[in-house]
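Enquirer: Got a predicted model here, sequence first, then my questions.
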Amino acid sequence: MLKRLGLTMIAVVAFFAVVITPQSEIFAEGWQYDFQTEDGKWDGYFETASGYNNVQIQLFSVSPEVSPSNLMVRLCNRSSGNCTSYKTFGNGYLAHFTNMVYPASFNVDIIDTVSGSVKGGIHIYTY
């Protein structure tokens, strides 16, 4: 009897922990994609939420290895089609966007200023 009651209590607590946790907590973990410039495709997407409308984009495993200043990124709202201006990546292949509209979904577009395409990985974090 006590065992059954204990298991029921654990199930109820777990249920409420999932239901009560704000959805925006999910977004704090981020997204990861592969990207390739000059392929005509979006390089990833993410969602913003209340309290998580600032965005950090970080590239990794960039090949061929190019200066971060040779790569730029913009974000395009999936509903309206409106895009930010391109931002050049800084040291550590980082770019930041602040005060993005929320809740909303955005596509990520990465371009380069070198001949040939560049590929690698992309981490997207909202905070």
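Expert: Everything's here; your move. Numbering: from 1, shown residues only.
Enquirer: mean confidence for stretch 112-127?
Expert: Stretch 112-127 carries an average pLDDT of 96.
Enquirer: need the contact list for T84.
Expert: R74, L75, C76, F97 (C-beta atoms under 8 Å, 6 or more residues apart in numbering). Using the backbone N, CA and C atoms, a C-beta is placed for each residue, glycine as well.
Enquirer: how close does V114 get to V62?
Expert: 11 Å (C-beta to C-beta, to the nearest Å).
Enquirer: which one of the two has more residues nearby?
Expert: Each of V114 and V62 has its neighbours counted (other C-beta atoms under 10 Å); V62 has more, 20 against 12.
Enquirer: Quickly find the element holding the more buried one.
Expert: Secondary structure from DSSP states H and E places V62 in strand 55-63.
Enquirer: for that strand, what is the average pLDDT?
Expert: For strand 55-63, the mean pLDDT works out to 97.
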